[in-house]
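Asker: Sequence and predicted model, in that order:
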Amino acid sequence: MSKNKFIRLNTAFKPPEDIAKKAIDFSKKLGEEHEAFFVLDGIDFHPHITIYSPEYPEHNLDKVLKDVKEIASNTEKIKFIFQRIKPHQGFIGIHFELSPEIKDIHERIVGKLNPLREEHIRDKYKTDDFKMIFSQEQQECVAKYGYADAMELYDPHTTIIRLKDELLTETVAESLKWDISEFIVDKIVIYTMGKYGTCKELVKEFSLK
């Protein structure tokens, strides 16, 4: 692979089928009612809970897969506890408590994969437009980890949609009711990524022990 080509990968928790289905149902319903940049379908746009999603030089892809496989094989299944539905810049997400177990695996994955970026930062993060929407803390996080919401800023969630009209986001989010209080995740996945933080194609799936 060429050393000057990069690939954006999302290492993520894979929600169990009932959670994924509920997220897709929410997304499709909202997509019928409002204009959206994407709607989850489980085919081209997959429900996921991001762990870490920077860009890597393509020649490090095999190393990313190897490291995530090793971490997954040494990690117990993880409980997720629902916290709230949160709107942000057009996005609507189902957010979960940051338990010590979730925090631990996030930190282990970032610690292992961050060097494989070779200090690369996505071009779009270098533009003034993107710097304006990031806090100072997030900008520092991008500089250090190539991702705005890593380590101390990590907030586990699954995004269900991004509305084109940001002004509607808060009202729409308030209308949603999530009735699954907790669930168990037993897989970590790696996806290639599309626009708006979407997960497009499955690269690899790893089972937790």
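Answerer: Received the coordinates, thanks. Predicted model only: the values in this text are computed from it and were never measured.

Asker: can we go C-alpha only for contacts and neighbour counts from here?
Answerer: Fine.

Asker: I'd like the next helix or strand past the helix or strand bottoming out on mean pLDDT in the chain.
Answerer: Within the chain, judged by mean pLDDT, DSSP states H and E, the helix or strand with the poorest mean is helix 128-133; its value is a mean of 84. Scanning forward in sequence from helix 128-133 by DSSP states H and E, the next helix or strand is helix 136-145.

Asker: Sheet-wise, list the partners of the next helix or strand after that next one with their directions.
Answerer: Of the helices and strands lying after helix 136-145 in sequence (DSSP H and E), the nearest is strand 157-163. For strand 157-163, sheet partners with direction are given as strand 36-39 (antiparallel), strand 91-96 (antiparallel), following DSSP bridges.

Asker: and the angle from the lengthiest strand in the chain to strand 91-96?
Answerer: When the chain is scanned for its longest strand (criterion: DSSP state E), the result is strand 78-88. Taking axes from the mean of the first three to the mean of the last three CA atoms, to 10 degrees, one finds strand 78-88 and strand 91-96 inclined to each other by 150 degrees.

Asker: List the buried residues for stretch 201-209?
Answerer: By neighbour count, with 16 or more other CA atoms under 10 Å as the criterion, the buried positions of stretch 201-209 are 201-202, 205-208.

Asker: Repeat that for stretch 33-45.
Answerer: Using 16+ other CA under 10 Å as the test for burial, stretch 33-45 gives 36, 38-41, 45.

Asker: Alpha carbons of the least confident helix or strand of the chain, as PDB, please.
Answerer: What follows is helix 128-133, C-alpha atoms only, in PDB (Å, rounded to 0.1, in the frame of the first residue of the first chain):
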ATOM      1  CA  ASP A 128     -10.900  27.100  10.100                       C
ATOM      2  CA  ASP A 129     -14.500  26.000   9.800                       C
ATOM      3  CA  PHE A 130     -13.800  22.800  11.800                       C
ATOM      4  CA  LYS A 131     -11.600  24.600  14.300                       C
ATOM      5  CA  MET A 132     -14.600  27.000  15.000                       C
ATOM      6  CA  ILE A 133     -16.900  24.100  16.000                       C
END
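
Asker: what's near enough to touch residue 31?
Answerer: Counting by CA atoms under 8 Å, 6 or more residues apart in numbering, residue 31 makes contact with 38-39, 161.

Asker: Pass me the low-pLDDT residue ranges in this structure, would you?
Answerer: With pLDDT under 70 as the threshold, the chain has low-confidence stretches at 1-4.

Asker: ok, which stretches of it are strands?
Answerer: Using DSSP E, the strands of the chain run over 6-13, 36-39, 49-52, 55-57, 78-88, 91-96, 157-163, 182-185, 187-193, 199-207.

Asker: how about those strands in TSV, adding distance to residue 120?
Answerer: Compiled in TSV, the strands of the chain are given as follows (distance: least, CA to CA, whole Å):
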stretch	distance to residue 120
strand 6-13	9
strand 36-39	27
strand 49-52	14
strand 55-57	7
strand 78-88	26
strand 91-96	26
strand 157-163	25
strand 182-185	30
strand 187-193	16
strand 199-207	20
